[in-house]
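could you look at this predicted model? Sequence included:
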Amino acid sequence: MEEKIKDMLPDIHRILTMDAPIQKVWDAVSTTEGLASWLMPNNFQLELGYEFTFQAKPMGNWDGVVRCKVMELDPPHKLGFTWHGNQMELYVSFELNKMEDEKTEFILIHSGWKAEQAMFREKMYEGWGHLTEGLQTKLGDQSDGYLS
């Protein structure tokens, strides 16, 4: 068991304060439209055990498909799902905490990284930074055009 832990890389953690109420952030991370607006096109459904896919741009031998399954669901506080793509088996969770003044703490954790995935993990760390900044920008958009 210790050998297995030694081969693991740290989880990706991204924590942001969103200038939006918790329900607005929840809608952005738990609906097909919301996820597509800042992450990737998908066929997500808010249902425990639901299997869905994200479609990224294919690269090299990878078809660009990320296969996922909803494993944790506690509206409007937590959503967790498996993340299988490009020969990697990972896990993603979004945790939301209500704060004062209609703000929401957003915590993203992307876990399960193995030592041989170090280069891809670094790219994903940067990628999640850009994506969550995009989410933060969209939540500040008063038009709410990307959410139903």
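Arrived safely, thanks for sending.

now do the strands in the chain.
Assigned by DSSP state E, the strands in the chain fall at 12-18, 51-55, 65-74, 78-85, 88-98, 104-111.

residue 29: which of these is closest?
Between residue 29 and the strands of the chain, the tightest spacing by CB to CB is seen for strand 88-98, at 4.7 Å. For every residue, glycine as well, the C-beta is placed using N, CA and C.

can you list contacts of the closest one?
Contact with strand 88-98 is made by 21-22, 25-26, 29-30, 68, 71-72, 76-84, 104-114, 117, 120, as judged by CB atoms under 8 Å, 6 or more residues apart in numbering.

equivalent analysis for stretch 110-128, please.
Here stretch 110-128 makes contact (CB under 8 Å, 6+ apart) with 7-12, 14, 83, 86, 88-93, 108.

if we go by neighbour counts, what in that stretch is buried?
110, 111, 112, 113, 117, 120, 121, 124, 128 (16 or more other CB atoms under 10 Å).
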